[in-house]
Structure formats: structure tokens, C-alpha cells
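Visitor: Sequence first, predicted model second:
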Amino acid sequence: MLPHFPSEIIELIVDELAVSGKGPWKGLLRDVKSCCLAATIFVPHCQKHIFRSITLHPPRDIIKSSKIRRPYLTRLFSRVVNRNPRLALYVQVLNYRASLYRDSDDPDIPRALHTLRNVVELNLSIVEDEGYSHMKDHGDTYYLTYSWQQAIAFLIGRPQLRVLRLKDITSPANDLFSCTELVTLELENAKLVWFCDSDSDEEDEEELSEPECTSPEIENIYLREMKVGPGTTDALQKLLTPPKDASGRIFDFSQLVRLSVTMEEAADYEKVKPLLEGAKCLQDLSINVDTWTNNLVPDLCLKNLEATSLSTLVSLKIDFTLLMSMAQWVLADPYFGLCDEGVLPNLTALRELNMRLVLGDYLNISHTSFSNQWGRLDQIVASNVESGWFSNFRTLQLEILIRVKEFDPFLAEESMDDGQRILENVSKHVYPRQFTGVRRLEKLGRLQFSFEAGMEILDCYTSCETRQFASNI
């Protein structure tokens, strides 16, 4: 009876089976695979769902003491697709963890990657193996085979690509300017190079061709979501200042809705300012200042935020990690400019504020760091919520974390004693003393408020295993 069913009915049944359940393609994909094995007539309808999202990775030992290994999915998939190129047209989401040591030397893999013409979401990262170590030593990936380079450039430069995430990889910046439909871009430890400023020789430059302009009317690329992760502010600079001989397109950040930036040094602040100045309708902003060691603690650059984004911002997350080494360090502004005039009071649409402060290394912090400056946030939030100016404000979360590294038992014990003194100062002078306003609003049910302080110990002798002791004061 099954072969007599119209193909359209079977397709509707399989489509309903594939999209049912919780989460995208979760729960019932196994049933789709079982359906694919039930009868030949189901195969083409099931394959488009089975191959819609693909994850590729090299082999890896699951248990080092045995021979149990994860399969080499990249090679297996490449062989299947090369035998049946029609399957490649179904792939829309590609999660590719590339092995520079293996993938570059296998001619079947670049050939298969070139058949993936309909990918709209690409998550590309590099596995830390022998090839990765060689790349880190030489600073780039251009010693790889030309065919593999071209395959990666082909994937990154697809015009229909909408989501692109790059991690631990070097890519020609020119390829990104071909992605006219791109709405989400995430970079982490990624490096972008223009052909004109790369260190490649003339022969390599001839092999890497520039992206083609498909229309005389150049369309800019309007991002909606962007993440600038660790080690990628230089890559961001490449996107902001393309050379004159580029395609002519520019990245327009005026329509950014979600932005996450990580800054590690003073120069990074100048590089991210154009993002804050260009975004006109931000709703979700995350700022992470990681392992800051400069004696001059900077502000959050929120004063550079476009005025229209101040009125549209809904969620603000701030994570500061300060590794200071001064004998008597004073934390004059624990909010790093957030409570200045023209910043927090103007965030009228704000619904959620999360702030995390991590203090590490020498912990000899002056007692003046725990004066009335902490209460500025309470005064602004409480007064504006009560007046109705912050009509949407619902959640306020603050966390102070003291980080101690166990290099030496004696020094670790001394640092822990210093950390305990900091926590005692916090409980005595900061909370609950300076947060009476928001605590009153919490009791009235008008907002959710939490203040946590604790200590984090990094054991550097056991692979930096982290043990955290946090307490709600």
C-alpha cells in the first residue's frame, strides 16, 4: 500500500515528523533516520532533514587507555557527498571543526566542501592538533594546501550566508565582503587579512582571487548580531577600515540589535568605539574586560553609545576582570562610568542589568574602595523605578569575585587572607548598607535583586582546576 501514497503526502508526513518535538531538530531526528530505513520511497524526503545540519570533526580518543575513538566524520561525510553530490544541496547549517594536520592533506575534503553551495550558517573553528601548533608558531595558516584554502574561502564567501562564526582561524577579509545577506558575525581569536597587506609572496597572492561584485550597485552589509571575542579587535579593525581597492561594500552597524565585545588592552577601546557609535537600535549589550592590568582603570565607553540606542537597550551585561599590582589600589568607581550623568539614567528601556567584578593578583585594596561610591547604583535605580522612569526594569544582579592563584602554598594562604578581608569590608561597608533602596523594591515585588560576593581559587598545579566558594552576603 505504501508505494501508492502520493509523494506529496509522504513529504508532508516526514516534514511534520522532523519539526515536531522540543528545540530545532531535537528529539525526533532519530525517528526520521529510522523512517529513512523503512522504505526506499522515504529516502529522498528524509535525507533533506538528516543532512540539513551537519557537524564535521576529526577523530579523537574517547578513552585514552583504550582504542575507542570518535569517527573521522569529516572524511566520512566527504566520501558520501563526493559519491552523491545531491546530498550536499541539503546542507544549510555546517559546524566544521577543522584539523589542519589531517583535512588539508586529504583531497576528498576540499572537493566535498566545494559542493556545499546552500549553507546559510557556518560555524568554523580549528582543532588544536599538530597543525594548529604549527600555525601558532608561524602566525598564519597559509602554509596549507591551496585546495583546502580555496574550499574555506568558498564557504566563507557564499553570498547567501546569514550566520558566520569564526574561531582560531585566519581568513582573507575580502571573502566576508561577499556575504551580502550576513546578519550574524561572531569572531573569537580570529585573524582577518587583506590581500594587499598580507605577507604572502606574489605567487600566493595570485592564487587568492578577490570576490566578484555581482552588481554595479554596491549593497552594504547590515549586521543584526555581532560578537567580538578575545583576540579579535584587530580583525574588527580590518572590517571597519577596508582598503581602497576592496569591493566597495562596507559593514553597516546601524541595525545592530545584539552586541558582545571583549577588550583586553587599552587600544581595544578605540577599536570598539565605532561599533557603539554606529549602532542605533541596540537591545542587548555585553561588555567583557578581560585580565586588565593597566594601572589606569578605563570606563565602559558607554558615553560613546548612540543616543537612540540608549533608549532601546533592554539588557546590559558587564564583566570586569582586574589583575592589579599596586600596593594601595583604590577602586574609585566600581561601575566604571555606568552611573555617570547621561549613561544609566538615560537607559529608559532597560529591563536587566548584570554586573560581575573579578579582582585578582595582589589584593591589597585600600579601604577607601568601599566608601559611598557603591551606593550610586542603588540611588539611580531605586529613584527611577519609583518615579516610573524605569518602567520596564525587572532584574539587577551584582557579583564580586576574589580570584586567588595557588602557585605557592604560603602565597596562596596569604592571598586568601587578603581576600577574606576584602569580603569582610564588602559585608560591612557595601552590602546591605548601601543598597537599601533596591532591597525595599525587592520586598515590594517590583524587581529581582541579588548581591553575591565570594572567592575563586585557581589550582595551577592541577590543570588550573577552578574551585569556587560563593556566598550571598
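Guide: Now that the structure is in, tell me what you want to look at. Numbers count the residues shown, from 1 in each chain.
Visitor: For Leu161, which residues are in contact?
Guide: Contacts here follow Cβ atoms under 8 Å, 6 or more residues apart in numbering; on that basis Leu161 touches 119-122, 179, 181-182. Backbone N, C-alpha and C define where each C-beta goes, glycine included.
Visitor: same thing but at 7 Å, please
Guide: Going by Cβ atoms under 7 Å, 6 or more residues apart in numbering, Leu161 touches 119-120, 122, 179, 181-182.
Visitor: Which one of those is nearest to Arg446?
Guide: Proximity of the contacts of Leu161 to Arg446 (Cβ to Cβ) peaks at Leu182, which lies at 40.7 Å.
Visitor: okay, now the closest one: neighbour count?
Guide: Counted with other Cβ atoms under 10 Å, the neighbours of Leu182 add up to 23.
Visitor: mind checking the SS state of it?
Guide: Put simply, Leu182 is coil when judged by DSSP: H, G, I helix; E, B strand; the rest coil.
Visitor: Was I right to think it contacts Leu164?
Guide: Yes: with contacts counted by Cβ atoms under 7 Å, Leu182 reaches Leu164, the gap being 6.2 Å.
Visitor: How about the secondary structure of Leu161?
Guide: coil.
Visitor: same deal with the one 5 residues further on?
Guide: For Leu166, the secondary structure call by three-state DSSP comes out as strand.
Visitor: Look up the closest residue to it, ignoring the ones flanking it.
Guide: Counting by Cβ to Cβ, 6 or more residues apart in numbering, the nearest residue to Leu166 once its immediate chain neighbours are dropped is Ala190, at 4.2 Å.
Visitor: Quick check: that neighbour touching Asp234?
Guide: No: taking Cβ under 7 Å as the definition, Ala190 is not a contact partner of Asp234, at 9.4 Å.
Visitor: Between those two, which is the more surrounded one?
Guide: Using other Cβ under 10 Å, the more surrounded residue of Ala190 and Asp234 is Ala190, with 24 against 14.
Visitor: okay, that one: pLDDT?
Guide: Ala190 carries a pLDDT value of 85.
Visitor: List the residues that contact it.
Guide: By Cβ under 7 Å, 6+ apart, the neighbours of Ala190 are 166-167, 169, 171, 232, 235.
Visitor: distance of it from His49?
Guide: Relative to His49, Ala190 is positioned 31 Å away (Cβ to Cβ, to the nearest Å).
Visitor: cool, Asn354 as well?
Guide: Plainly put, Asn354 is 37 Å away from His49 if you go by Cβ to Cβ.
Visitor: Between those two, which has more neighbouring residues?
Guide: A direct count of neighbours by other Cβ under 10 Å for Asn354 and His49 places His49 higher, at 21 against 16.
Visitor: Now do that one against Val14, distance only.
Guide: From His49 to Val14 the distance is 7 Å (Cβ to Cβ).
Visitor: where do the contact lists of these two overlap?
Guide: Residues touching both His49 and Val14 by Cβ under 7 Å, 6+ apart: Val32.
Visitor: would you list every one of the helices in the stretch 51-200 of the chain?
Guide: 73-83, 108-113, 130-138, 146-156, 173-176 (DSSP state H, counting those that start in this stretch).
Visitor: Now those in a markdown table, please, with extra columns for mean pLDDT and mean neighbour count.
Guide: Output for the helices of the stretch 51-200 of the chain, formatted as a markdown table (pLDDT from 0 to 100; neighbours: other Cβ atoms under 10 Å):
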| stretch | mean pLDDT | mean neighbour count |
| --- | --- | --- |
| helix 73-83 | 92 | 18 |
| helix 108-113 | 92 | 21 |
| helix 130-138 | 55 | 14 |
| helix 146-156 | 87 | 19 |
| helix 173-176 | 82 | 23 |
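Visitor: Please convert the ones you listed to a markdown table, extending it with distance to Arg249.
Guide: Putting the helices of the stretch 51-200 of the chain into a markdown table (distance: least, Cβ to Cβ, whole Å) gives the following:
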| stretch | distance to Arg249 |
| --- | --- |
| helix 73-83 | 31 |
| helix 108-113 | 24 |
| helix 130-138 | 29 |
| helix 146-156 | 15 |
| helix 173-176 | 9 |
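Visitor: Which one, of these, ends up nearest to Glu414?
Guide: Proximity to Glu414 (Cβ to Cβ) singles out helix 130-138 among the helices of the stretch 51-200 of the chain, at 35.2 Å.
Visitor: what packs against the host helix or strand of Gln397?
Guide: Assigned by DSSP states H and E, Gln397 falls within strand 395-405. Where contact means 3 or more Cβ pairs under 7 Å, 6 or more residues apart in numbering; DSSP states H and E, strand 395-405 is packed against strand 352-361, helix 409-425, strand 448-459.
Visitor: out of these, nearest to Cys301?
Guide: Closest among these, once you apply Cβ to Cβ, is strand 352-361, at 15.3 Å.
Visitor: Quick one: name whatever helix or strand follows the closest one.
Guide: Taking DSSP H and E, what comes next after strand 352-361 is helix 375-387.
Visitor: With just CA atoms, put the helix or strand where Phe320 lies into PDB.
Guide: Element membership for Phe320, per DSSP H and E: strand 315-324. The C-alpha trace of strand 315-324 is given here as PDB (Å, rounded to 0.1, in the frame of the first residue of the first chain):
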ATOM      1  CA  SER A 315      19.700  44.000  28.600                       C
ATOM      2  CA  LEU A 316      23.200  45.100  29.700                       C
ATOM      3  CA  LYS A 317      25.800  42.700  31.000                       C
ATOM      4  CA  ILE A 318      29.200  43.800  32.300                       C
ATOM      5  CA  ASP A 319      32.100  41.600  33.200                       C
ATOM      6  CA  PHE A 320      35.300  43.200  34.500                       C
ATOM      7  CA  THR A 321      38.400  41.200  35.400                       C
ATOM      8  CA  LEU A 322      41.100  43.400  37.100                       C
ATOM      9  CA  LEU A 323      44.500  42.000  37.800                       C
ATOM     10  CA  MET A 324      46.100  44.900  39.600                       C
END
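Visitor: Quick one: mean pLDDT for that strand?
Guide: On average, strand 315-324 scores 85.
Visitor: That one: partners in the sheet, and parallel or antiparallel?
Guide: When sheet partners are counted by DSSP bridges, strand 315-324 sits next to strand 284-292 (parallel), strand 352-361 (parallel).
Visitor: Output those in CSV, with mean pLDDT and distance to Glu277 appended to each entry.
Guide: Output for the strands paired with strand 315-324, formatted as CSV (pLDDT from 0 to 100; distance: least, Cβ to Cβ, whole Å):
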stretch, mean pLDDT, distance to Glu277
strand 284-292, 83, 13
strand 352-361, 86, 22
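Visitor: quick check: domain ranges of this structure?
Guide: Domain assignment for the chain by automatic domain parsing gives 1-50, 314-473.
Visitor: what about the ones you listed, which gets the closest to Arg79?
Guide: Here domain 1-50 is closest among the domains of the chain (Cβ to Cβ), at 16.0 Å.
Visitor: quick check: mean pLDDT across the closest one?
Guide: Mean per-residue pLDDT for domain 1-50: 68.
Visitor: neighbours of Leu444, just the number please.
Guide: Leu444 has 10 neighbouring residues, counting by other Cβ under 10 Å.
Visitor: again with His429
Guide: Residues lying near His429 (other Cβ under 10 Å) number 15.
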